[in-house]
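Peer 1: Predicted coordinates and the sequence they were generated for:
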Amino acid sequence: MQLADSVDGAAMLRPAPPARMLADILRQHADFAANRAGGMRASLKFRDLTGMRLPGRMLAGADFTGASLRGADLAGADLSDAILFGADLRGAMLDRANLARADLRGVMLTDARVRHANLAGVDMREGALFAQRGGQLLAARDTNKTDAGAAQLFGSRFSGARAGRANLGHADMRDADLRGSNFTGADLGKADLAGSNLEGSNFTGANLAGAQLQGAVLSRAILTDANLTDVTLLGTLLDDARMERTNMTGATRARHIEDFGHDIASILAGHRLWIDSNGISGVRADLTGVDLSGADLNGINLSAAVLTFADLRRARLRGAQLMMSDLSGADMRGADLAEADMRGASLERTSLHDADLSDVQLGPMMIRSGVTWPSNLTLARLCNARLNRAVLVNARMHRADLEGCDLAEAMLEGADLTGTLLALPADDPPINAATPSDAAA
């Protein structure tokens, strides 16, 4: 049999079932998914469902092979184990949808919104649909790659995904969970992966040129033969990553203090003068991306300093004054911050694994009469940190990772722990923290 090039994919579509028939199909599928009598798996293969509104629907295991769901509203829908092979989901709304283990081979997801969705175990490898015409097989479109270019995948769970050779260029994948996924040969050029967890993922031969990787976790990732030209790696964790023949030309990484043109003593002196003069004299310390790993900074005054994406691993900051400082995305694993004053500080996406934060002050900072500024630990990574007797009153801790932390006698009144990962021993006392509604108030 002879293979020809391609045929217009739209020509393969059949009209959507009439409204009443579609309602029956969806009802019978819901019964099928719940193992109720009379249930039947929905088969909507090659149907034109463009713009269809199906938010929150039970569609687990449904067959949408080759269907057009372009611009469809599937927000919050359960599409786990669904077959979406070769489907057109361009511009579709899939926020908070459950796509676990779905077959997304050859799917088109360009400009789709898939924020905070569950894509654990999805299959996004290549896949091609063919039509028969005049004894020839014709491809439905020119490429068989899964196309998720410019898709909004912010905060989604992608762990264990198979996305070899997929197009994810310019995709927004910030804070996504991509652990253990396979992106061999994938195109992630200029994708935003800031704060994402890529631990143990395989990027062999992948294109990540121009990608934003600041604050991302790439520990034990395989980056062999990958293209990382012009990537941003500030605050990126690369422990035990395999980087044979990785192209790092033009990559932005942490700088040594010597690269600033001033030694640390003069920078700190200028900052102290800036503090004492209320900003009239001196210069505010901007140590963005500086490598201060292992530095002895005990008792230092870096209040309101900018330390975003700084490398402060194992730094000694006991009793330091860090009020209103910006430590977002910094690598502070193993740092000693005991008894530090960090009221109103920003620690968003900061890595604080195994850090000593005992007796630390992370409550709100009074900025003027009756007005306070809370500390921000949103998405902070605090695994196994010591927070005993820490003051975290009214702190923003949304989606922070507190697993294995010592929180004995910690003060968390009014703290927002929405979505926080927290595992405490069974005999620990309950934590006094805000509910989502309390935090919103």
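Peer 2: Looks like it arrived, so ask away.

Peer 1: what's the spacing between the spatially most central residue of the chain and Met324?
Peer 2: Closest to where the C-alpha atoms of the chain average out (Cα atoms, centre = their mean) is Asp175, at 1.5 Å. Asp175 sits 24 Å away from Met324, going by Cβ to Cβ, to the nearest Å. C-beta coordinates here come from the backbone N, C-alpha and C atoms, glycine included.

Peer 1: what residues are up against the residue lying closest to the residue nearest to the centre of the chain once chain neighbours are set aside?
Peer 2: Excluding the flanking residues, the one nearest Asp175 by Cβ to Cβ, 6 or more residues apart in numbering is Gly195, at 4.5 Å. Neighbouring residues of Gly195 by Cβ atoms under 8 Å, 6 or more residues apart in numbering: 174-175, 214-216, 329, 349, 379.

Peer 1: just the strands in the stretch 201-350 of the chain please.
Peer 2: For the stretch 201-350 of the chain, the strands defined by DSSP state E, counting those that start in this stretch cover 255-256, 290-291.

Peer 1: wait, which of the ones you listed is closest to Thr372?
Peer 2: strand 290-291 (29.3 Å; Cβ to Cβ).

Peer 1: Run through who's touching the closest one.
Peer 2: 254-257, 260, 307, 310-311.

Peer 1: ok, longest helix in this structure?
Peer 2: Longest helix of the chain, by residue count under DSSP state H: helix 19-33.

Peer 1: shouldn't Asn207 be in contact with Leu188?
Peer 2: Yes. Counting by Cβ atoms under 8 Å, Asn207 touches Leu188, with 6.4 Å between them.

Peer 1: ok, the two, which is more surrounded?
Peer 2: Remark: of Asn207 and Leu188, Leu188 carries more neighbours, 28 against 23, as counted by other Cβ atoms under 10 Å.

Peer 1: so who does that one touch?
Peer 2: Leu188 is in contact with 168-169, 171, 203, 206-208, 211, counting by Cβ under 8 Å, 6+ apart.

Peer 1: Domain map for this structure?
Peer 2: Following automatic domain parsing, one finds the domains of the chain at 1-115+139-152, 155-252, 254-441.

Peer 1: and those domains, which is most packed in?
Peer 2: Comparing those by mean neighbour count (mean count of other Cβ atoms under 10 Å), domain 155-252 ranks first with a mean of 22.

Peer 1: mind checking the end-to-end distance for it?
Peer 2: Terminal residues of domain 155-252 are spaced 24 Å apart (Cα to Cα, to the nearest Å).

Peer 1: which non-adjacent residue is nearest Arg245?
Peer 2: Leaving aside its sequence neighbours, Arg245 sits nearest to Asp225 (Cβ to Cβ, 6+ apart; 5.1 Å).

Peer 1: show me what contacts that neighbour?
Peer 2: With contacts defined as Cβ under 8 Å, 6+ apart, Asp225 is in contact with 204-205, 244-246.

Peer 1: Same question for Leu352.
Peer 2: Shown in contact with Leu352 (Cβ under 8 Å, 6+ apart): 332-333, 335, 380-382, 385.

Peer 1: Nearest to Val360, out of those: which one, please.
Peer 2: The closest of the contacts of Leu352, once distances to Val360 are taken by Cβ to Cβ, is Ala385, at 9.8 Å.

Peer 1: Now do the contacts for the closest one.
Peer 2: Counted by Cβ under 8 Å, 6+ apart, Ala385 has contacts 352-357, 402, 405-406.

Peer 1: how about these, which pair is most distant?
Peer 2: Farthest apart among the contacts of Ala385 by Cβ to Cβ are Asp356 and Leu402. That separation is 15.0 Å.

Peer 1: Endpoints of stretch 274-282, how far apart?
Peer 2: 4 Å.

Peer 1: go on, stretch 33-53?
Peer 2: Start-to-end span of stretch 33-53 (Cα to Cα) is 20 Å.

Peer 1: which residues are in contact with that stretch?
Peer 2: So stretch 33-53 is contacted by 12-17, 25-26, 28-32, 58-73, 78 (Cβ under 8 Å, 6+ apart).

Peer 1: Please name the nearest non-neighbouring residue to Ala330.
Peer 2: That would be Ala310: by Cβ to Cβ, 6+ apart, it lies 4.6 Å from Ala330.

Peer 1: What score does the residue nearest to the centre of the chain have for pLDDT?
Peer 2: Listed pLDDT for Asp175 reads 96.

Peer 1: Then Leu94?
Peer 2: Turning to Leu94, the model gives it a pLDDT of 98.

Peer 1: Check Arg368 too.
Peer 2: Residue-level confidence at Arg368 comes out at 86, pLDDT.

Peer 1: Okay, strands next: where are they in the stretch 51-200 of the chain?
Peer 2: Assignment of strands within the stretch 51-200 of the chain using DSSP E, counting those that start in this stretch yields the ranges 130-133, 136-139.

Peer 1: hey, least reliable of those strands by pLDDT?
Peer 2: Mean pLDDT is lowest for strand 136-139 among the strands of the stretch 51-200 of the chain, at a mean of 49.

Peer 1: mind putting the strands of the stretch 201-350 of the chain in a markdown table, mean pLDDT included?
Peer 2: Compiled in a markdown table, the strands of the stretch 201-350 of the chain are given as follows (pLDDT from 0 to 100):
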| stretch | mean pLDDT |
| --- | --- |
| strand 255-256 | 86 |
| strand 290-291 | 94 |
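
Peer 1: Rebuild these as JSON lines, extending it with distance to Gly51.
Peer 2: Shown next, in JSON lines, are the strands of the stretch 201-350 of the chain (distance: least, Cβ to Cβ, whole Å):
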{"stretch": "strand 255-256", "distance to Gly51": "50"}
{"stretch": "strand 290-291", "distance to Gly51": "51"}
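
Peer 1: Out of those, the one nearest Ala100 is which?
Peer 2: For the strands of the stretch 201-350 of the chain, the distance to Ala100 is smallest for strand 290-291, at 39.9 Å, taking Cβ to Cβ.

Peer 1: helix or strand right after the closest one?
Peer 2: Next along the chain after strand 290-291, taking DSSP states H and E as the criterion, comes strand 365-368.
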